[in-house]
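please work out how this folds:
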Amino acid sequence: MFHHITVLKEEATEGLNIKQDGIYVDCTLGGAGHSSVIASKLGPKGRLIALDQDDWALDHAKSKLAEFDTNITLIKTNFRDLTEVLTAQDVPMQGGIPQVDGILYDLGVSSPQFDEGERGFSYNHDAPLDMRMDQSALLTARDIINEWSEEEIARILYVYGEEKFSRRIARVIVKKRKSAPIETTGELVDIIKEGIPAAARRTGGHPAKRSFQALRIAVNDELGAFEEALHQAVRCLKPGGRVSVITFHSLEDRICKQIFSSYLEKCTCPTDFPLCVCGGKGTLRLVNRKPMVPTEAELSQNPRARSAKLRVAEKL
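Residues are numbered from 1 along each chain as shown. Below you'll find the model as predicted:
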């Protein structure tokens, strides 16, 4: 069973300012929560293109979205291939670049991937060390833990997980794997606990949370894929089109904020000039100056939403 509570569902879809006959892309289909809302607002001439790497999510979405009377296309792919996918889907082009009315990203792992232990995403279930969003991908968490150098493991734990005991944890991992390969999430959780001082383990939630986040990001190259895809999204929006982005940790949000900022108007003309002559016109405008966050009502139903932030921008 695929049960997933969609975060900021109404806010993110309202941010797209959906038109009945528009073309919209859900880059992170997941539980199809956002796609369902988008599809419900489209007419027979509208179109929804939804992407996901996970066969489980795609199979679930086929039945969930079957009720809607609009053109829906589900595609198994990484969203870093956005431009290529849209080109193949025969959407309108401008200057050789496909053009759509709205694009949505809901980053992170769907609840079923956390809750169904066999995928290896969760530190609460003992399972093979996997963590692949796309089961056909080659790199697994087991590969990283057993084959990467101590320095590289420490680096990803620190950079992607903001784990301050990254060096200690990496040292214990390398020590343990010398006697036997580390195969399961349960083994890794015990090793991570061993690498964190007892006093630190008693505060700040589960001691393996940051390390598991870091491994998941590294296995799926999530930050690299997102950075590439968001630049593509800006290029693939029609004038007046919008992009909605939900992030779940500071690294994702920082990338989104910086990329949006790079496309904003940067006029350097003296303030007494009646018109801009510097050519510093922007490509985007921010729809919400500050990121939107979940309401207390939403948090009471879904505590996992606590770190979520929504940023929306419009193509000029």
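
can you pull out the strands in the chain?
Per DSSP state E, the chain carries strands over the ranges 23-26, 47-52, 71-76, 93-94, 97-98, 100-106, 237-247, 284-286, 309-315.

output these in CSV, with mean pLDDT and distance to Arg201 appended to each entry.
Using the backbone N, CA and C atoms, a C-beta is placed for each residue, glycine as well. Formatted as CSV, these follow (pLDDT from 0 to 100; distance: least, CB to CB, whole Å):
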stretch, mean pLDDT, distance to Arg201
strand 23-26, 98, 39
strand 47-52, 97, 35
strand 71-76, 98, 39
strand 93-94, 98, 55
strand 97-98, 98, 49
strand 100-106, 98, 31
strand 237-247, 98, 27
strand 284-286, 97, 40
strand 309-315, 98, 28
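
output those strands as a markdown table; include the columns distance to Ala198 and mean neighbour count.
Below are those laid out as a markdown table (distance: least, CB to CB, whole Å; neighbours: other CB atoms under 10 Å):
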| stretch | distance to Ala198 | mean neighbour count |
| --- | --- | --- |
| strand 23-26 | 44 | 28 |
| strand 47-52 | 41 | 24 |
| strand 71-76 | 45 | 16 |
| strand 93-94 | 60 | 11 |
| strand 97-98 | 55 | 19 |
| strand 100-106 | 37 | 25 |
| strand 237-247 | 33 | 23 |
| strand 284-286 | 45 | 17 |
| strand 309-315 | 33 | 22 |
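
now those strands as TSV including distance to Ser36?
Below are the strands of the chain laid out as TSV (distance: least, CB to CB, whole Å):
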stretch	distance to Ser36
strand 23-26	10
strand 47-52	10
strand 71-76	10
strand 93-94	28
strand 97-98	24
strand 100-106	12
strand 237-247	15
strand 284-286	27
strand 309-315	18
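
okay, now the unreliable bits of the chain?
Counting by pLDDT under 70, the chain has low-confidence residues at 1-4, 108, 110-117.

helices along that one, start to end?
9-14, 33-41, 55-64, 82-88, 111-115, 141-147, 150-161, 166-177, 185-195, 198-201, 209-220, 222-236, 250-262, 296-301 (DSSP state H).

between those, which gets nearest to Leu310?
helix 9-14 (5.6 Å; CB to CB).

return the set of buried residues in the closest one.
By neighbour count with 16 or more other CB atoms under 10 Å, helix 9-14 contains the buried residues 9, 11-13.

nearest to Thr70, of the residues you listed?
Looking across these and measuring by CB to CB, the closest to Thr70 is Thr13, at 14.2 Å.
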